[in-house]
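Asker: Sequence unavailable; structure follows:
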């Protein structure tokens, strides 16, 4: 397979030779392996290799981005030619200043795993096979309907007209299991997942046991009456709410385009004093970690909310230039697109109460383990909407029934400011979030 | 090497020569051009190209799939060898698969067009998007707007040892606009898109200014609207939203892989009543107005599949494996986003057939309810194992005295799909099926283009969340 640094250097040279005043090339070589199983056994394995190249060029202030999967080195020239041609025909972007002038790498740890990197199927076949067996062993009402394990290895490089390429290698391990439970005509199911660069902290039994326990205990879930309740968002749900509402609102592009409720709120008390939120692109063994962002700027650790006070937005170079600031190392690109700022890893500092004590102190509330649709909430207005699929009604500190099919809704900024009662002292790593559980004192619940 | 039936046959021959009992070879070339103006500034003019090959083999009853973006002799060779290796790796502790034996499709499908949108002068396209973005921004109260033009060419080849020799080429073009309006402290967004399957001639003959201006005006009105009181309502669902609702909340549960894995609420319910009498639902690869899918990525012809007939579950959507395991016809629904993915069971154009009521009749007799609109719906999510769904939908209306009288924003609906379909009271005759070149359906990390649609329907009860 071709060397990604060679692709970057060739692409930059070619675009400049064609008349680009600036050129940037982002090249990725990826190999993957996925093993899938179902209630019937391990029955599928797939894998492969691909190389992608994306070229961003500027002709003065005229820009274009081109790229995609490439078959060989020669495709880089074709992409560069097309990018320069389109840029010449495009109107100027008055906000364009330049590509990043300084590239670099932040030291990172635990981002490569030798077993994951090998892409050899045997280990993962056994892992999926075992995942399919565990639920039935734990509870005869439960079974795993699906399980999968994916291993991938990525080698990426990015460079531009101002700086030679930076490059790195990372692995990603991705596991998921869907456990169903059935009894007396009642059915339920729960999906548990784990994503990290290495297998170091992965505990198969823990993931499958959690899915099994929630599936079985929510067998007879039903709606509760419409009303106002305390709600305890477990870490997986809390991370999803933050991802749907808070992260888009601190993206500098959203702020600059007036699509964030946090515009003009810098240095003001936006959230509860209990909430300190950090974006850190170099946490060991986290999937959002990387030595440099998608335009080659070294990743950084930054406090976004300090005891509820908004301290910074997230920037890539383009949005940083508009605000006359430095990039925060948060550039992200999806396919052949301009970069935009996005979170790397989000860390929420924990509280002081144990999960058990939070539940014990609930007078009338719902403990939420699973929701769907929270990603459909409106980050422009800050309005939260999510349907609880897996929850437990708690009255007087005791679980009374399992809950499903109710909608929780409200202004996220009120809920996370005046409405935040407590954070748990326990935290959980959920993909690129490390968060505690969050107890909200009153939230509107639409049910029966 | 260029993408052709001949290349597909050559790779197929290699896979069979190396020991595959069966094989399917897929080749794909996709070009996607996107022009984005954001609040007066060209934010992006991007072109994405992807070329690749995927090969699935069956060895001694075990399946392996491999892909490569390198269409060189070496790249193809490595992909074939890897597919065989993965199949053999499963023989130790995996489970063999059995596939329905279906004659492969011999199809040459090309969407008709006069002018390839990718060949149109870039400055003409950027001028159009810039002008439309100005129109959107020009409406009072609008604080930002994103206008996009997308053009897509998707060329696929499937060759299989069951005789498939199929090639399709679909060209699509569309415009979308998202306008954000502010009223006091309230910000509200409204977005919509329109896509044509065909060439740029469709773009030239449509009144886009009126289209984007209408979106901006709705955003302004919505920013001044209240959120609805949460609770259960009788509802009229419009013919855009019904498609989204059916696709997400019911369509996924009809997908044969989920049924096979006992992960669908419809598992074991063939022949049972799952919806009201008035409900008939089909999946049709070549539905008028939809996104054309003439054959699937296993090389099986995609025809109209009747999934529900007069409320009774008649069939599931299948790939070859689900067809064999579930004992229903192979429906040609194995689809993949691109060659880096193995095909899985997906919908094509999944919609409810029209009834005989007028839209006005649906509102009659609703003393208090809600008119749920699809325009600007953000999408939805479903738990197919239990049938729970939730949707974030567009600005809608409270119905009083049989009339939609008050605009409301921030509407989310939730429910159980079987309960909701059982509660269908009336079905109108205004069938609409629409594709989108900006999005599609996501499942297991793969996105494919689909068509949504149906007629207006009325349901007796749906849970609405809001302020």
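Answerer: Noted; the coordinates are in hand. Not measured: the values here are computed from a predicted model. Numbering: from 1, shown residues only, chains lettered A, B, ... in the order given.

Asker: For the stretch 301-448 of chain A, which residues are neighbours of chain B?
Answerer: A:335-338, A:372-373, A:375-378, A:380-381, A:383, A:385-387, A:389, A:404-410, A:444-448 (Cβ under 8 Å from any Cβ of the partner chain). (Each C-beta comes from the backbone N, C-alpha and C, glycine too.)

Asker: Just the buried ones from the residues you listed?
Answerer: Buried members of these, counted by 16 or more other Cβ atoms under 10 Å in any protein chain shown: A:336-338, A:372-373, A:375-378, A:380-381, A:383, A:385-387, A:389, A:404-410, A:444-447.

Asker: Let's verify the residue in the stretch 201-350 of chain A positioned nearest to chain B: helix, strand, or coil?
Answerer: Per Cβ to the nearest Cβ, the residue of the stretch 201-350 of chain A with the smallest distance to chain B is residue A:336, at 3.8 Å. The three-state assignment at residue A:336 reads coil, by DSSP: H, G, I helix; E, B strand; the rest coil.

Asker: any idea how far it is from residue B:402?
Answerer: 50 Å (Cβ to Cβ, to the nearest Å).

Asker: thinking again about what came up before, now do the same for the residue of the stretch 201-350 of chain A closest to chain B: its pLDDT.
Answerer: Residue A:336 is assigned 86 on the pLDDT scale.

Asker: How about the one 10 residues further on?
Answerer: Note for residue A:346: predicted pLDDT of 98.

Asker: Might one say that residue A:288 is in contact with residue A:432?
Answerer: Yes: look at residue A:288 against residue A:432 with Cβ atoms under 8 Å: they come within range, at 3.3 Å.

Asker: list residues touching both of those two?
Answerer: Listed as contacting both residue A:288 and residue A:432 by Cβ atoms under 8 Å, 6 or more residues apart in numbering or on different chains are A:343-346.

Asker: just the buried members of those?
Answerer: A:343-346.

Asker: CSV please, covering those and showing secondary structure and distance to residue B:87.
Answerer: Listed next are those as CSV, based on DSSP: H, G, I helix; E, B strand; the rest coil; distance: Cβ to Cβ, whole Å:
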residue, secondary structure, distance to residue B:87
A:343, coil, 39
A:344, coil, 38
A:345, coil, 37
A:346, strand, 40
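
Asker: Break the chain into its domains for me.
Answerer: The chain I'm using is chain A. Domain assignment of chain A by automatic domain parsing yields the ranges A:4-215, A:221-448.

Asker: Actually, chain B is the one I wanted.
Answerer: B:5-223, B:231-465.

Asker: Go through those domains and pick out the most buried.
Answerer: domain B:231-465 (a mean of 22; mean count of other Cβ atoms under 10 Å in any protein chain shown).

Asker: right, is it up against chain A?
Answerer: Yes: for domain B:231-465, a contact with chain A is found by Cβ under 8 Å from any Cβ, at B:231-232, B:260-263, B:265, B:340-342, B:378-383, B:385-386, B:388-392, B:410, B:412, B:414-416, B:463-465.

Asker: Now intersect those residues with the strands, please.
Answerer: Among these, the members found in strands (DSSP state E) are B:231-232, B:379-383, B:388-392, B:412, B:414-416, B:463-465.

Asker: which stretches of the chain aren't confidently modelled?
Answerer: Chain wasn't specified; assuming chain A. Scanning chain A for pLDDT under 70 picks out A:1.

Asker: wait, I meant chain B there
Answerer: B:1-2, B:466-467.

Asker: Show me where it has its helices.
Answerer: Listed in chain order, the helices found in chain B under DSSP state H are B:5-17, B:73-93, B:122-137, B:201-204, B:208-223, B:241-245, B:256-260, B:320-326, B:359-363, B:417-422.

Asker: Could you dump the ones you listed into JSON lines and include distance to residue A:251?
Answerer: Below are those laid out as JSON lines (distance: least, Cβ to Cβ, whole Å):
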{"stretch": "helix B:5-17", "distance to residue A:251": "43"}
{"stretch": "helix B:73-93", "distance to residue A:251": "38"}
{"stretch": "helix B:122-137", "distance to residue A:251": "20"}
{"stretch": "helix B:201-204", "distance to residue A:251": "31"}
{"stretch": "helix B:208-223", "distance to residue A:251": "20"}
{"stretch": "helix B:241-245", "distance to residue A:251": "26"}
{"stretch": "helix B:256-260", "distance to residue A:251": "35"}
{"stretch": "helix B:320-326", "distance to residue A:251": "41"}
{"stretch": "helix B:359-363", "distance to residue A:251": "40"}
{"stretch": "helix B:417-422", "distance to residue A:251": "34"}
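
Asker: out of these, which comes closest to residue B:457?
Answerer: Closest to residue B:457 of the helices of chain B, according to Cβ to Cβ: helix B:241-245, at 5.6 Å.

Asker: List the contacts of that closest one.
Answerer: By Cβ under 8 Å, 6+ apart, the list of residues contacting helix B:241-245 from outside reads B:237, B:350-352, B:372-374, B:377, B:379-380, B:389, B:391, B:393-394, B:420, B:432-434, B:451-457.

Asker: Just give me how far it sits from the chain centre.
Answerer: 11 Å (Cα atoms, centre = their mean, to the nearest Å).

Asker: now residue A:332, which residues is it bridged with?
Answerer: residue A:340 (DSSP bridges).

Asker: scratch that, residue B:382 is what I was asking about
Answerer: Note on residue B:382: beta-bridge partners by DSSP bridges are residue B:389.

Asker: My read is that it contacts residue B:391, right?
Answerer: No: using Cβ under 8 Å as the test, residue B:382 is too far from residue B:391 to be in contact (9.1 Å).

Asker: Touching both of these two, which residues are there?
Answerer: Applying Cβ under 8 Å, 6+ apart, one finds that residue B:382 and residue B:391 are jointly contacted by residue B:248.

Asker: which parts of the lengthiest helix in chain A are buried?
Answerer: Counting by DSSP H, the longest helix found in chain A is helix A:121-138. Neighbour counts over helix A:121-138 (16+ other Cβ under 10 Å) mark A:121, A:123-125, A:127-129, A:131-132, A:134-135, A:138 as buried.

Asker: Next, the angle from that helix to helix B:73-93.
Answerer: Helix A:121-138 and helix B:73-93 are oriented at 30 degrees to each other (axes from the mean of the first three to the mean of the last three Cα atoms, to 10 degrees).

Asker: For whatever residue of the stretch 151-300 of chain A ends up closest to chain B, list the residues it contacts.
Answerer: Of all residues in the stretch 151-300 of chain A, residue A:189 sits closest to chain B, at 3.5 Å by Cβ to the nearest Cβ. By Cβ under 8 Å, 6+ apart, the residues touching residue A:189 are A:145, A:178-181, A:215, B:263, B:383, B:385-386.

Asker: Please name the nearest non-neighbouring residue to it.
Answerer: residue B:385 (3.5 Å; Cβ to Cβ, 6 or more residues apart in numbering or on different chains).

Asker: residue contacts, the one you found?
Answerer: Contacts of residue B:385 were listed using Cβ under 8 Å, 6+ apart, and they are A:145, A:178, A:180, A:187-189, B:258, B:263-265.

Asker: Quick one: the helices in the stretch 101-250 of chain A, in order.
Answerer: Using DSSP state H, counting those that start in this stretch, the helices of the stretch 101-250 of chain A run over residues A:114-118, A:121-138, A:204-217, A:235-241, A:247-250.

Asker: could these be laid out in TSV, adding distance to chain B?
Answerer: Shown next, in TSV, are the helices of the stretch 101-250 of chain A (distance: least, Cβ to the nearest Cβ, whole Å):
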stretch	distance to chain B
helix A:114-118	13
helix A:121-138	4
helix A:204-217	9
helix A:235-241	11
helix A:247-250	11
